[in-house]
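Asks: coordinates for the following, if possible.
(chains A and B)
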Amino acid sequence: AQTVTQSQPEMSVQEAETVTLSCTYDTSESDYYLFWYKQPPSRQMILVIRQEAYKQQNATENRFSVNFQKAAKSFSLKISDSQLGDAAMYFCAYRSPQETSGSRLTFGEGTQLTVNP
Amino acid sequence: DAGITQSPRHKVTETGTPVTLRCHQTENHRYMYWYRQDPGHGLRLIHYSYGVKDTDKGEVSDGYSVSRSKTEDFLLTLESATSSQTSVYFCASLRTARGELFFGEGSRLTVL
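Replies: Okay, here's the model as predicted:
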């Protein structure tokens, strides 16, 4: 079974600065998907960014980018120019392409990000 | 975004009572999921469905059952609620083309 580990339960960053959230995963599959979800105090789960394992290029969405290291099974999220609205719980998630597993997402424990003004 | 709603959003119940949480989606997605969220554990999969009347267990399925009689509805039932089932429950459906999950707003359940 796949596992996802987020080793930083809490992180903080100053407004306008850059922060990196770490995620590692364990899998024997060669093709899969990785995601970062954001959960603000409203509790809504919001997709931030996705990465397909077969793509070598790191995904980018505006101020959010990832550093995908397939060999190291590492998938970190970088937030540039942090804003107060970025304060949230961030979850890293893994999805197998195999429909036999229900295409389920396996989540890490989460990292609570605080943005200081 | 996918239209996916959960009801009730908040519920307080007593130990031993049955509870049903409802998830409704309007996107005709085939796959649907129930997760529970607890501090320090992230989101853990309870059950999922890959079509009408087709369901399977996730990693924390004990004490829970599900049913899916229509594509748009996925029900989660706690046959006899226990305090350990106090949690926030999320329903989600899979947007197959992009492989991402869309989530409902969550249902906070408290079992006294």
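Asks: what's near enough to touch the spatially most central residue of chain B?
Replies: Nearest to the geometric centre of chain B sits B:Trp34, at 2.9 Å (Cα atoms, centre = their mean). Contacts for B:Trp34 (Cβ atoms under 8 Å, 6 or more residues apart in numbering or on different chains) come out as B:21, B:23, B:45-48, B:58, B:64, B:66, B:74, B:76, B:89-91. Any C-beta I mention is one placed from the backbone N, CA and C, and that applies to glycine too.
Asks: make TSV out of these and add pLDDT, neighbour count and distance to A:Thr106.
Replies: Converted to TSV, those look like this (pLDDT from 0 to 100; neighbours: other Cβ atoms under 10 Å in any protein chain shown; distance: Cβ to Cβ, whole Å):
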residue	pLDDT	neighbour count	distance to A:Thr106
B:Leu21	98	23	22
B:Cys23	98	26	20
B:Leu45	95	22	8
B:Ile46	97	24	13
B:His47	96	23	15
B:Tyr48	95	26	12
B:Gly58	93	19	10
B:Tyr64	97	20	18
B:Val66	97	22	19
B:Phe74	98	30	19
B:Leu76	98	23	19
B:Tyr89	98	24	17
B:Phe90	98	26	14
B:Cys91	97	27	17
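Asks: restrict these to those near chain A?
Replies: Among those, the ones lying close to chain A by the criterion of Cβ under 8 Å from any Cβ of the partner chain are B:45, B:48, B:58, B:90.
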